[in-house]
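Enquirer: Provide a 3D model corresponding to the input given below.
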Amino acid sequence: MTKNSSTSELPLSTPMDVRLGMTKSADVTFPLRWGIIGAGSISDQWVRCLRECEGATVTAIAARSADRAQEFALKHDITSSYGNYAEMVTATDVDIVYVGTITKLHKEHSLLAIEAGKHVLCEKPLAENVSDARDMYAAAAKKGVMLQDGMWTRFFPAVEHARISIEAGTIGEVVMTQSDFFDPIYAIQAAPLAFGAQAIPTAIVAAGRNASGAIVEYGENRCAILTFPPANSELAEVTELIGTKGRITLEQPGHCPTRITIRVPPANGVPSRYRTANAPAPTQYFEYPLPGGVSIPKGSPNQHGFLYQAEAIHRCLASGLRECPQYNQEESLHAMDLLTEINKAQEVTAQR
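Expert: So this is what the prediction gives:
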């Protein structure tokens, strides 16, 4: 596999926390006892992945009813079940809580666990709006615990590869990203991936409802084109990162990719087809198979990749970190801010 020229011993897909020397690979064995809030399909898939994380033990499940929690516990061989969320988060055999409930309950359930002194991994989107997300992060900081946004996309080896390629200047300066998905936050996170969390949007234009989209400008020469097709459409589901020297494609399904394509034409050869008599740019393909040990019957595409984020959380907490660098608070809030502004713009358009 191709190596990073600056760290020649590490593959380009090396997790960011390990690559930067913030954690140790072996610390996936760091012991954490997980409690689960919510007994839906997303929690089911998370628990199946946690079983393959060496340091993880799932000790408790809480659902909206005791019967539902008990059923989930029996299915997954979990010791304790609760029909009361507050009771579970105070349990002494829980170190970290996964919040797998619907978005409008994320803030309430995350704050419940944070107040109890537990680390939290909250399913994406983190909250309904950026104001709520800020409140959640402030509460976690006050308690000294982790609040990790559940944007699992960022932990896939293909995305790790894309990020280090951008940092290395492989495709030059990124001038545009194009991303699509019916769940907007997945497409939106491509903007800080492309331009960094500190980039300041200079304009946001959004329109539509069930089929919608947005253009986010970052100055005169950089923008993110984000589209949100209906869920029942044959959407492209790819993310393109377009630079002055080349292009990176996170292939379908772009929100959980196992393949990355990098096109870099010869020097001064962009746009390649117009300088080479329509000859395509040289292309490199990289495949990153999913973790083999995870079994998710009839799961959504590539849900096995939850394992990448779970292992990163174990490594980071073992090192005393309170966030994972793959998707830290700054990037999470950048994306949440964009989501909030896009939602506002769409509401205005819908009222016309």
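
Enquirer: mind checking what secondary structure the nearest residue to Ile185 once chain neighbours are set aside has?
Expert: In space, and not counting its chain neighbours, Ile185 is closest to Pro125: 4.3 Å by C-beta to C-beta, 6 or more residues apart in numbering. From N, CA and C alone the C-beta is placed, and that goes for glycine too. Look at Pro125: counting by DSSP: H, G, I helix; E, B strand; the rest coil, its state is coil.

Enquirer: pull the number of nearby residues for Pro125.
Expert: By other C-beta atoms under 10 Å, the residues close to Pro125 number 24.

Enquirer: cool, Gln309 as well?
Expert: For Gln309, the count of nearby residues is 26 (other C-beta under 10 Å).

Enquirer: so it versus Asp149, what's the distance?
Expert: 10 Å (C-beta to C-beta, to the nearest Å).

Enquirer: thinking again about what came up before, pLDDT score for the residue nearest to Ile185?
Expert: pLDDT for Pro125: 98.

Enquirer: now do the helices in the chain.
Expert: Assigned by DSSP state H, the helices in the chain fall at 16-19, 41-50, 66-76, 85-89, 106-115, 130-143, 157-167, 184-188, 190-195, 306-318, 329-350.

Enquirer: among these, which is nearest Gly269?
Expert: helix 157-167 (17.8 Å; C-beta to C-beta).

Enquirer: between the closest one and helix 306-318, how many degrees?
Expert: 60 degrees (axes from the mean of the first three to the mean of the last three C-alpha atoms, to 10 degrees).

Enquirer: run through who's touching helix 157-167.
Expert: The contact list for helix 157-167, computed with C-beta atoms under 8 Å, 6 or more residues apart in numbering, reads 4, 12-16, 19, 153, 171, 174, 193-194, 241, 243, 248, 250-251, 257-260, 262, 286, 288, 308, 326.

Enquirer: what is the mean pLDDT for that helix?
Expert: Mean pLDDT, computed over helix 157-167, is 98.

Enquirer: same question, stretch 316-330
Expert: Mean predicted lDDT for stretch 316-330 stands at 98.

Enquirer: buried sites along that stretch?
Expert: Of the residues in stretch 316-330, 316-318, 321-329 count as buried by neighbour count, 16 or more other C-beta atoms under 10 Å.

Enquirer: name the residues that touch that stretch?
Expert: With C-beta under 8 Å, 6+ apart, stretch 316-330 has contacts from 15-17, 20, 22-24, 27, 30, 32, 55, 96, 119, 137, 140-141, 144-149, 151, 154-155, 159-160, 189, 197-198, 309, 312-313.

Enquirer: narrow those to those that are buried.
Expert: 15-17, 22-23, 27, 30, 32, 55, 96, 119, 137, 140, 145-149, 151, 154-155, 159-160, 189, 197, 309, 312-313.

Enquirer: what about the residue nearest the centre of the chain, distance to Glu115?
Expert: The residue lying closest to the centre of the chain (C-alpha atoms, centre = their mean) is Met151, at 2.1 Å. Per C-beta to C-beta, Met151 is found 23 Å from Glu115.

Enquirer: then Glu123?
Expert: 19 Å.

Enquirer: name the residue in these two with the higher neighbour count.
Expert: Between Glu123 and Glu115, Glu123 has the larger neighbour count (other C-beta under 10 Å), namely 24 against 15.

Enquirer: can I assume the more buried one is in contact with Val99?
Expert: Yes - at 5.9 Å, Glu123 and Val99 qualify as touching, with contact defined as C-beta atoms under 8 Å.

Enquirer: who touches both of those two?
Expert: Common neighbours of Glu123 and Val99 are listed as 106, 150 (criterion: C-beta under 8 Å, 6+ apart).

Enquirer: low-scoring stretches of the stretch 251-352 of the chain, by residue?
Expert: 268, 349-350, 352 (pLDDT under 70).

Enquirer: circling back to that earlier point, now for the buried residues of stretch 316-330: which two are most distant?
Expert: Distance extremes for those: the farthest pair is Ala318 and Gln329 at 19.4 Å, using C-beta to C-beta.

Enquirer: show me what contacts the residue of the chain most remote from its centre?
Expert: Farthest-out residue of the chain from its mean C-alpha position, per C-alpha atoms, centre = their mean: Ala277, at 39.5 Å. Shown in contact with Ala277 (C-beta under 8 Å, 6+ apart): no residues.

Enquirer: how much space is there between it and Gly269?
Expert: Separation of Ala277 from Gly269 (C-beta to C-beta): 12 Å.

Enquirer: run through who's touching stretch 267-276.
Expert: 244-246, 263, 265-266, 279-281.

Enquirer: which among those residues count as buried?
Expert: 245-246, 263, 265, 281.

Enquirer: before we move on, the earlier item: okay, the buried residues of stretch 316-330 in CSV with distance to Phe228 next?
Expert: Output for the buried residues of stretch 316-330, formatted as CSV (distance: C-beta to C-beta, whole Å):
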residue, distance to Phe228
Cys316, 31
Leu317, 34
Ala318, 37
Leu321, 32
Arg322, 31
Glu323, 27
Cys324, 26
Pro325, 27
Gln326, 23
Tyr327, 20
Asn328, 24
Gln329, 24
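
Enquirer: having no further points to raise, I will conclude here.
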